[in-house]
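**Q** Below: sequence and its predicted model.
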Amino acid sequence: MNHVIEWTSRRQTDLWDVPLPLTEWVRARRWPPSLLIGGLICGLMAILALTAPLLAPYDPNAVRSAERLLPPSPAHLLGTDRYGRDMLSRLLFAARLDLWGASLAVLCCAGIGVPLGMAAGYAGRWIDQVLSRLMDIWLSVPGMLVAIVTVAVVGPSLTNAMLAVGIMTVPILFRTTRAGVLACLSQEYVESARATGGSHWHILRRHILPNSLSTILVTTTLQYGVILLAGSGLSFLGFGAQPPQPEWGAMLAEGKSCLHTAWWLTLFPGLMLALAVLGINLLGDGLRDLSDPVIRRR
């Protein structure tokens, strides 16, 4: 009798401790090239942003009228703008501002979309119907138009611009999370957890969320690049970062009037923005390939 009780207890413990998909990522030996390249680019961008006060040779907002529109030189590696401000210093501090704003927007987006998606997928019935219809309406509205109107109402700033764009991507994370929850509900480990008396919260926290986390992480990473690009676009239009804040989109807007005479004013901010978005997209593609068992076996 004791052996039966011990076996039953061990069996229930095994049911609660279902292997998580993320552990397979750690054990994987073949890393996709896109993941390595994207991770390298994103890591480099993060290091530049974090160490900008140490790496920047000048104050990014210091005006030097005698050094206006200087081309790249040993004194100013990436030249100066029309106010004599060092472009390298401004690009480094712009990385801090852009990446911080996009990170905040992604966290807010995930904080809304993921819980709503889990609630809709797990509860089903009228809750799923109401939330899904609301997200369909939300997704049908032009995102950039709503972002511009929102920033115009609350006031132009990079944080407001990023948050406005991030909120418009909530339906995408909602759909991804909901699809992952619905896929997990039909799995044997969820049915076993229910049969052994697991609560709804325990099933969601211990089984459904971990097994949907890889898909959510990939979608969130890809949306990070979208939010970063859209936020810089709003700054380019004047709805984001305000002078003299260094920001890639705002720097592009400042340099467009000197495009033929001072090419470095638009080239370097554009390259930084493109490189950041490229790295994020490559990282997202690599995470997607790594989490796909079919691609991983190739």
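**A** Arrived safely.

**Q** so where do the helices sit in the stretch 151-298 of the chain?
**A** 158-168, 170-185, 188-195, 200-203, 209-237, 248-255, 264-291, 293-296 (DSSP state H, counting those that start in this stretch).

**Q** Contacts for stretch 274-281, please.
**A** With C-beta atoms under 8 Å, 6 or more residues apart in numbering as the test, stretch 274-281 has contacts from 37-38, 40-42, 44-45, 95, 98-99, 221-222, 224-225, 228-229. In this view, the C-beta of every residue, glycine as well, is placed from N, C-alpha and C.

**Q** returning to that earlier point: for the helices of the stretch 151-298 of the chain, please prepare TSV with the additional fields mean neighbour count, distance to L139 and mean pLDDT.
**A** TSV is the format used below for the helices of the stretch 151-298 of the chain (neighbours: other C-beta atoms under 10 Å; distance: least, C-beta to C-beta, whole Å; pLDDT from 0 to 100):
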stretch	mean neighbour count	distance to L139	mean pLDDT
helix 158-168	26	9	87
helix 170-185	21	4	88
helix 188-195	15	28	72
helix 200-203	12	28	74
helix 209-237	22	13	89
helix 248-255	24	25	92
helix 264-291	20	20	91
helix 293-296	11	28	52
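
**Q** Please report the average pLDDT across stretch 73-80, rounded to a whole number.
**A** Average pLDDT, stretch 73-80: 92.

**Q** buried residues in it?
**A** Residues of stretch 73-80 classed as buried by neighbour count (16 or more other C-beta atoms under 10 Å): H76, L78, G79, T80.

**Q** got the contact list for the second one?
**A** Remark: with contacts taken as C-beta under 8 Å, 6+ apart, L78 is in contact with P72, D86, M87, L88, L91, W264, F268.

**Q** Please repeat the previous calculation with a cut-off of 7 Å.
**A** P72, M87, L88, L91, W264, F268 (C-beta atoms under 7 Å, 6 or more residues apart in numbering).

**Q** For P60, which three-state class applies?
**A** Classification of P60 using DSSP: H, G, I helix; E, B strand; the rest coil returns coil.

**Q** Could you give the number of residues near it?
**A** 21 (other C-beta atoms under 10 Å).

**Q** Isn't it up against A94?
**A** No: P60 lies out of contact with A94 (C-beta atoms under 7 Å); the separation is 8.1 Å.

**Q** what do those two both touch?
**A** In contact with both P60 and A94: P246, using C-beta under 7 Å, 6+ apart.
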